[in-house]
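Q: predicted model follows, preceded by the sequence.
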Amino acid sequence: MPPVFTRYQKFVIAVLAFLQFTIILDFMIIGPLGALLLRDMHITTRQFGLVVSAYAFSAGASGLLAAGFADKFDRKKLLLFFYGGFLLGTLLCGVADSYGFLLGARIVTGVFGGVIGSISMAIIADLFPLQVRGRVMGTVQTAFAASQVMGIPLGVFLSNRWGWHAPFLMIFVVSSAVGVVIATRLRPIVEHLKIPAARHPGHLGNPRNPIVHLIATVSQGRYLRTFAATMLLATGGFMLMPFGSTFTVNNLGISLQKLPWIYMITGAVTFVAGPLLGKLSDTIGKYQVFCIGSVSGALLVGLYCHLGVTPLAMVVAINAGLFVAITCRMISASALISAVPDMQDRGAFMSVNASLQQFSGGVASSLAGLIVVQAPDGKLLHYDLLGYVVMGAMTLVIALMYPIHRAVMRKAAMAAVKPEVVAAAG
């Protein structure tokens, strides 16, 4: 970790990274458990799909509902409240004994877990200046890779040995320990409460009213541009995910037994690359790194979606390169977007932004299902067309992110000239 970070800042980064690991693992572990759930609960694939999507849509809805209140409290207390709800939902998943119980438990988990990411983003923006935020995002977002390398294999091992309830109980125990650390060692985060509530032009009413605050936030032009870019950013990334393993097995000719190696190696490479990409975005520019990741990612998507039967080594190499490119985009985009909202709007902005990501991911998955068709022999048809759609989305976001980049640069320049607006400049 660079010497620019204090010991306490390093602690905050580590806690947020581990917290994200537990949230992402809880969200992703349901996929590998599908075969066991279908067998043990005697449910259909449609019912299982509803269990998966229930989390995403409940998370998106709760983010919008929480947005108006997100800047009204100490961010530490808000984080503990929603993390406590996430723990409850995970525990309920671990003891669920029926389909209805499990579906309800996933909704509870999504309602609380879906807001935690936006609170973490607001905390990062509050505690770390823009100049080093790429490094912070790079470290925190390695949680996704860590869940692939360590969490999912361990969860599958536990489920095979003690049943599908075991991974959720494991996540509950680990997450409880993280919650205790946050409660005892994380300091209150209240600087945003010291800034008078902004009265945005054209909006009447008390700016501290949650509904007024939410409406004023989502109707600002500079925020709307960012929300549009976020939606397309999520759409491009989520389109390939639902059919990735099916395409790898049925079209690329990789056996199910070898499939875990692809995810583990890809996760390990991404785990190492994440902090390096974050540092690079702070060094040469966040928008520049985003463009590099988008262009290289689009080229790799085009190559990947046109593959036929392919040797394992080449599949691993292309997957690793593609995930590094996607990580490059997400880290640099997250760091850049974190500088858009003013401090007194951050909680609401991040909550809405996270909700749109969840909804866009659900829409993208559904759209991918309309494009891709499975042939009688199991192979996926029109995957090349899906690749073209993803490439187009990745390229278009480059244009959408440019005015955001320019606005952030102007904001940073103003803060440098007028130190009194540094806090509000992000």
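A: Noted; the coordinates are in hand. Numbering: from 1, shown residues only.
Q: how far away is residue 250 from residue 308?
A: Residue 250 sits 11 Å away from residue 308, going by C-beta to C-beta, to the nearest Å. (Glycine included, C-beta is placed from N, CA and C.)
Q: helices of the stretch 301-426 of the chain, residue ranges please.
A: Taking DSSP state H, counting those that start in this stretch as the criterion, the stretch 301-426 of the chain carries its helices at 312-337, 346-371, 383-417, 422-425.
Q: over to the stretch 51-200 of the chain?
A: Counting by DSSP H, counting those that start in this stretch, residue ranges of the helices within the stretch 51-200 of the chain are 75-95, 99-127, 130-140, 142-146, 152-162, 165-185.
Q: identify all contacting residues around the shortest one.
A: Contacting residues not belonging to helix 142-146 are listed as 17-18, 20-21, 23-24, 267-271, 274-275, 323, 327 [C-beta atoms under 8 Å, 6 or more residues apart in numbering].
Q: so what's residue 338 up against?
A: Residue 338 sits next to 121, 124, 125, 130, 133, 137, 426 when contact means C-beta under 8 Å, 6+ apart.
Q: same deal with residue 234?
A: Residues counted as contacts of residue 234 (C-beta under 8 Å, 6+ apart) are 356, 357, 360, 361, 364.
Q: give me the element it is part of.
A: Secondary structure assignment for residue 234, by DSSP states H and E: helix 221-238.
Q: helix or strand right after that helix?
A: Per DSSP H and E, the first helix or strand lying C-terminal to helix 221-238 is helix 244-250.
Q: avg pLDDT for that next one?
A: Averaging pLDDT along helix 244-250 gives 79.
Q: coming back round to it: okay, who's weakest in the contacts of residue 234 by pLDDT?
A: Least confident entry in the contacts of residue 234, by pLDDT: residue 361, with 73.
Q: circling back to that earlier point, most neighbours out of the contacts of residue 338, which is it?
A: The most crowded member of these, judged by other C-beta atoms under 10 Å, is residue 137 (30 neighbours).
Q: what separation do you get for that one and residue 273?
A: Computed with C-beta to C-beta, the distance linking residue 137 and residue 273 is 13 Å.
Q: count of residues packed around the residue nearest to residue 274 when sequence neighbours are not counted?
A: Once its chain neighbours are removed from consideration, residue 274 has its nearest residue in residue 142; the separation is 4.1 Å (C-beta to C-beta, 6 or more residues apart in numbering). Neighbour count of residue 142, defined by other C-beta under 10 Å: 25.
Q: now do residue 256
A: Quick note: residue 256 (other C-beta under 10 Å) scores 9 neighbours.
Q: not counting its neighbours along the chain, what's nearest it?
A: Taking C-beta to C-beta, 6+ apart, and ignoring the residues beside it in sequence, residue 256 has residue 249 as its nearest neighbour in space, at 6.1 Å.
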